[in-house]
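>>> please work out how this folds:
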Amino acid sequence: MYICPVCGLPLKENKKGFCCKKGHRFDTAAQGYVNLLTSSHRNPKTAGDNAMMVKARTDFLSRGYYEKLANSAADVLAVTMPCFGTTKRTRSNAEILCGELGVSFQEIRIANTVRSHFADIGQDEKVLDVTFENGQARVRTLELMDLASRTGGLVVGTGDLSELALGWATYNGDHMSMYGVNGSIPKTLVRYLVAYEADRTLGELSDVLQDVLDTPVSPELLPPKDGEISQKTEDLVGPYELHDFFLYYMLRFGYPPRKIFRAAHKTFAGVYDDATIKKWLTTFMRRFFTQQFKRSCLPDGPKVGTAFAARRLAYAVGRSVRAVAQGSGESVTEFMT
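Here you go, the predicted structure:
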């Protein structure tokens, strides 16, 4: 966010440059920059740019130093693949976001391909079961992989640490990519980063990021109801702020389930009651260990922070949790029952 140097109020971008609520205006120069220096910070005799400054800036810009930054954004191809569950809101946000970020954008409508696949395997499109959902996810991955082959690109995975810990991904669908950039970033941190960027930026980019935050988390694999998202992830697997809390204390400290429960009871007092915490902790434990087969064949990705959902995650954590549980005489199964 830019601040008006005269009155200290936030500056909003317009067609000519920037302006605050009190009407202080700072126009964008022909070369694309904005000068926020006030007259009190300038020498009246040398106010503005002299010929040497203009020449130096023109020479710098003409050398193409910024072209690599512009090209790197344009080289990113963002693909939207609307199907049976896609809402107008998320489809519109995707296109606006890509436009604001300057990345290339492509739409591939996959409904006919999915229907052809359903016909091949004898799946009734009216039966909204797990095959109906996973079929769409796997067709999307097929499209991305082959598009990457055709363009010489790399499929970047978007699954985050929370989804990988819960196994909330379609095996060989959105679970698979060529590089998983978010594999060690929990959902709560993803939200924080989006909120930070929404506060830091201006105009339509800030608005669309804020709307992304306000949109329920959903894979959008089931048909919408009255144009709104019908499939809400946190209604099905539980609040991500709880799951990220469970994961952190299990991963970093090897806490057994009962100790995690006691910590959550104290931390979320007044937010979630004990029955809710136990319900979703039980879900977390069950899904974390039963979904290891998905993490055993993940693509590579960067390690960010102190948690990492790599192939070794469940093995290392499971060994740690079992060791602590054995020392306390507790087992995961006992807690879950």
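>>> check contacts around the residue most central in space within the chain.
The chain has V190 as the residue nearest its centroid, 5.2 Å off, counting by Cα atoms, centre = their mean. Counting by Cβ atoms under 8 Å, 6 or more residues apart in numbering, V190 touches D160, N182. Glycine gets a C-beta too; all of them are placed from N, C-alpha and C.
>>> repeat that for 10 Å
Counting by Cβ atoms under 10 Å, 6 or more residues apart in numbering, V190 touches T158, D160, L161, S162, E163, N182, V217, Y240.
>>> repeat for C98
Taking Cβ under 10 Å, 6+ apart as the criterion, C98 is in contact with A73, V76, L77, A78, V79, T80, S104, F105, Q106, V208.
>>> in JSON lines, list those along with pLDDT and neighbour count.
What follows is those, written out as JSON lines (pLDDT from 0 to 100; neighbours: other Cβ atoms under 10 Å):
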{"residue": "A73", "pLDDT": "77", "neighbour count": "12"}
{"residue": "V76", "pLDDT": "91", "neighbour count": "14"}
{"residue": "L77", "pLDDT": "93", "neighbour count": "16"}
{"residue": "A78", "pLDDT": "95", "neighbour count": "16"}
{"residue": "V79", "pLDDT": "96", "neighbour count": "17"}
{"residue": "T80", "pLDDT": "95", "neighbour count": "17"}
{"residue": "S104", "pLDDT": "92", "neighbour count": "13"}
{"residue": "F105", "pLDDT": "94", "neighbour count": "16"}
{"residue": "Q106", "pLDDT": "95", "neighbour count": "12"}
{"residue": "V208", "pLDDT": "95", "neighbour count": "22"}
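>>> and which of those residues is nearest to E95?
Taking Cβ to Cβ as the measure, F105 is the one of these closest to E95, at 6.2 Å.
>>> separation between the nearest residue to that closest one once chain neighbours are set aside and E13?
Spatial nearest neighbour of F105, excluding adjacent residues (Cβ to Cβ, 6 or more residues apart in numbering): C98 at 4.2 Å. Remark: distance between C98 and E13 (Cβ to Cβ, to the nearest Å) = 19 Å.
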